[in-house]
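# 3D, please:
(one chain, ligands or ions: 2)
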Amino acid sequence: MSKTAIITGATSGFGQSCAKKFAEDGYRLVIIGRRKERLDALANELSKITDVHAISLDVRERQSVLDAFYELPAPFNQPDVLINNAGLALGLEPAHKANLDDWEDMIDTNCKGLMYCTRALLPGMVERKRGHVINVGSMAGNWPYPGGNCYGASKAFVQQFSRNLRSDVHGTGVKVTNIEPGFSKTEFSLVRFKGDENRADSLYDNTEHLTPDDIADIILWVANTPAHVNVNTLEVMPTCQSWSPLSIHKADD
Ligand SMILES: NC(=O)C1=CN([C@@H]2O[C@H](COP(=O)(O)OP(=O)(O)OC[C@H]3O[C@@H](n4cnc5c(N)ncnc54)[C@H](OP(=O)(O)O)[C@@H]3O)[C@@H](O)[C@H]2O)C=CC1
Ligand SMILES: O=CCS(=O)(=O)O
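Numbers count the residues shown, from 1 in each chain. Ligands and ions are numbered 1, 2, ... in the order given. Take a look at the predicted model:
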């Protein structure tokens, strides 16, 4: 019997790559994103190899999320895997210069959108004693960097929310994982820099960054671990990325 995976943020980057890899692995798919044309193109492509249900949806809209998930048609209505991947960073200014609307947008998408999707689907998973919530956090939830302010904080929320979910579903058979990717080339920087292609592209110049397929392979592996194995957190960086030393400000700097 084929399993069902629900993937938010499937129109680009990690989510799109997950959709392709999960379809190739025999999963039936529910794919979600705001850009309907992209979603329909992906659904057309993947429906040649699996059953696909596409929902054009903004995860920030609480009632739309709840309605869409409560009204999932059979056979998509008993999901085995929820990949909470939709998310974004906006801006890289220091906190004292950051745009408050950007901060709200990150919280609304990365934290509240993820909460809505999880809350809608978790009761069914608990009732069926089967299911796996895979959240896409970030290494930015673990490590501070200049300009990471609200984005990193939103991903720290995702990390602790994932751990607390595990505590709540203890003994039910439901699994929870937080994947914490590092530097990866997707549309992430184009969104962060608000369409500035030169700035986004130059970030990745001369680096061997992670790719969407690297992360999708890891997510698929995590989803296919046996029922008695729960990967709690998995932080992944490209080999070219590591930490900077702590900085000391000197009075004459
Ligand atoms: N790239 C990186 O370096 C890293 C990224 N991440 C995280 O990975 C996740 C995926 O990002 P990535 O693939 O890199 O970036 P992309 O920008 O390529 O993809 C982001 C996806 O999220 C969707 N999305 C954004 N906002 C919403 C919304 N309000 N409602 C529904 N869907 C939404 C977008 O679809 P649409 O616009 O069509 O709605 C798109 O499909 C994010 O949570 C990001 O924070 C974590 C660590 C590293
Ligand atoms: O989560 C994304 C990686 S980074 O841009 O914050 O380093």
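# Setting the sequence-adjacent residues aside, check what's closest to the residue in the stretch 151-253 of the chain that ligand 2 sits nearest to.
When scored by CB to the nearest ligand atom, the stretch 151-253 of the chain has Phe183 as its residue closest to ligand 2, at 5.5 Å. All C-beta spots, glycine's among them, are computed from the backbone N, C-alpha and C. The spatially closest residue to Phe183, leaving aside those adjacent along the chain, is Gln241, at 4.7 Å (CB to CB, 6 or more residues apart in numbering).
# So that neighbour versus Thr225, what's the distance?
26 Å (CB to CB, to the nearest Å).
# what does Val158 give?
20 Å.
# Pick out whichever of those two has more residues nearby.
More crowded of Val158 and Thr225, by other CB atoms under 10 Å: Val158, with 23 against 13.
# Quick check: phi and psi at Trp143.
Per-residue torsions, Trp143: phi -130, psi 130 (degrees, to the nearest 10).
# That one: what's it in contact with?
Gly152, Trp243 (CB atoms under 8 Å, 6 or more residues apart in numbering).
# Please report how far it lies from Met237.
10 Å.
# re earlier: next up, identify which helix or strand the residue nearest to Phe183 is on.
Assessed by DSSP states H and E, Gln241 sits outside every helix and strand.
# Dihedrals phi and psi, the most centrally placed residue in the chain?
Closest to where the C-alpha atoms of the chain average out (CA atoms, centre = their mean) is Asn85, at 1.8 Å. Phi and psi for Asn85, reported as degrees, to the nearest 10, are phi -110, psi -30.
# Residue numbers of the stretch 151-253 of the chain in contact with ligand 1?
Taking CB under 6 Å from any ligand atom as the criterion, the stretch 151-253 of the chain approaches ligand 1 at residues Pro181, Phe183, Ser184, Thr186, Glu187, Phe188, Val191.
# Just the buried ones among these, please.
Pro181, Phe183, Ser184, Thr186, Phe188, Val191 (16 or more other CB atoms under 10 Å).
# Tell me who's in contact with the residue in the stretch 51-200 of the chain positioned nearest to ligand 1.
Nearest residue of the stretch 51-200 of the chain to ligand 1, counting by CB to the nearest ligand atom: Gly87, 2.3 Å away. By CB under 8 Å, 6+ apart, Gly87 lies in contact with Gly9, Thr109, Asn110, Gly113, Leu114, Val136, Ser154.
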